[in-house]
Each structure stands twice: as C-alpha cells, then as structure tokens.
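Asks: I'll drop the sequence and a predicted model, then ask my questions.
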Amino acid sequence: MTWLRAEGGSASLMVIAALPLLSIVLAAVLEVGALRVLAARARAAADLAATVAVNDQDDAELARSGRLVLAADAVDVARAYLATNLGSLGPALAGDADDVAAGADIAVFADAPAVDPRTGERYDRPTVRIAATVPFRTPVLGALIGRPTTLVFVRAASAAR
C-alpha cells in the first residue's frame, strides 16, 4: 500500500496527460467504424440500383421470343436509382448524390456471354454493372491526416434470371 500512496500523484498526472490522446484515438476509431457502415450502405445502394435496372426488361421481346432482354434505358434507370438511394445518406456525403450517380461508370452487357473490360469478369447473362466512387465527410480524420473527405469505391453487378 505504501507504493500506492507514494505514486498516487504521478498516476493521476499520467492519466491527465494521456486523456487527450485517448480521446483522439477514440474519435478516430468511431469515425472509421461509421465510415465502414456508410460504405456498406453505399454498396447496398449500388446493388439495389443494379438490380432494379436489370429487372427493367423489354416486355415486348420477352413476350415475342421468351428471352430476357434488358430495356434500352437500363443505364438511365440504374443512374436514377443510384442517385435516389445515395440521397438517403444525406449529410454524410461530401458531394451531391446526383453528381456521384452522374459520375458512376454504369455498363450494360445485353449480349451474353460478355467480358467486362474494366474488371475482366465474365457475365453469362444480361448484366448491369455499376462502379462508383462515393465521397464521404470525415472531419476527425481530416483533422488528423489532413483529408476531410474519404473516397469509397463501390461496385455492383446484377444479372437477369
């Protein structure tokens, strides 16, 4: 017990000195965790947009031949749904959801089989692929490393069945 009494003051000083560092580490960990959640939500938004776009089938061709053929406006549908879905991320986005969707690389592979020139992936059915870079605000990381915006790359592909 004598050690505890003799070192009590210096332990308090160490805690007081380490508190700012611990607070910074905690804030950074919380922001990285929030960024992971936002990245998952952005991936889900791209997945949903690709699924909606690929489900937009040419009904006349389906009735005539029984084949699944993507509608001519699949890119526009994917872009509109991506913007709508990213809009739900609101103030976490560092840019406008419409601008992010406008800058997304959306490819339609109507004829199967096809190979995606961007990824080298082979698609055996008509497919819609979305690749987008989504900017998120990260003020704590911005203060620590000088980058207030973190870019998250998302990719989604959906095939007709």
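Replies: Happy to help now that I have it. Residues are numbered from 1 along each chain as shown.

Asks: what about stretch 115-127, distance to the chain center?
Replies: Distance, stretch centre to chain centre, for stretch 115-127: 21 Å (C-alpha atoms, centre = their mean, to the nearest Å).

Asks: got the CA positions of it in CSV?
Replies: Presented in CSV, the C-alpha positions along stretch 115-127 are these (Å, rounded to 0.1, in the frame of the first residue of the first chain):
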residue,chain,number,x,y,z
VAL,A,115,-16.5,-9.9,-70.6
ASP,A,116,-16.3,-6.7,-68.6
PRO,A,117,-13.3,-4.7,-69.9
ARG,A,118,-13.0,-2.9,-66.5
THR,A,119,-12.8,-5.9,-64.2
GLY,A,120,-12.2,-8.8,-66.6
GLU,A,121,-15.2,-10.6,-65.2
ARG,A,122,-17.3,-12.8,-67.4
TYR,A,123,-21.1,-12.4,-67.4
ASP,A,124,-23.2,-15.4,-68.7
ARG,A,125,-26.5,-13.5,-68.6
PRO,A,126,-27.6,-9.9,-69.5
THR,A,127,-26.0,-7.9,-66.7
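
Asks: which one is L86 nearest to, not counting chain neighbours?
Replies: Spatial nearest neighbour of L86, excluding adjacent residues (C-beta to C-beta, 6 or more residues apart in numbering): A97 at 4.0 Å. (C-beta placed from N, C-alpha, C; glycine too.)

Asks: List the contacts of that neighbour.
Replies: A83, T84, L86, G87, L89 (C-beta atoms under 8 Å, 6 or more residues apart in numbering).

Asks: what about the protein, any weak spots by pLDDT?
Replies: 1-9 (pLDDT under 70).
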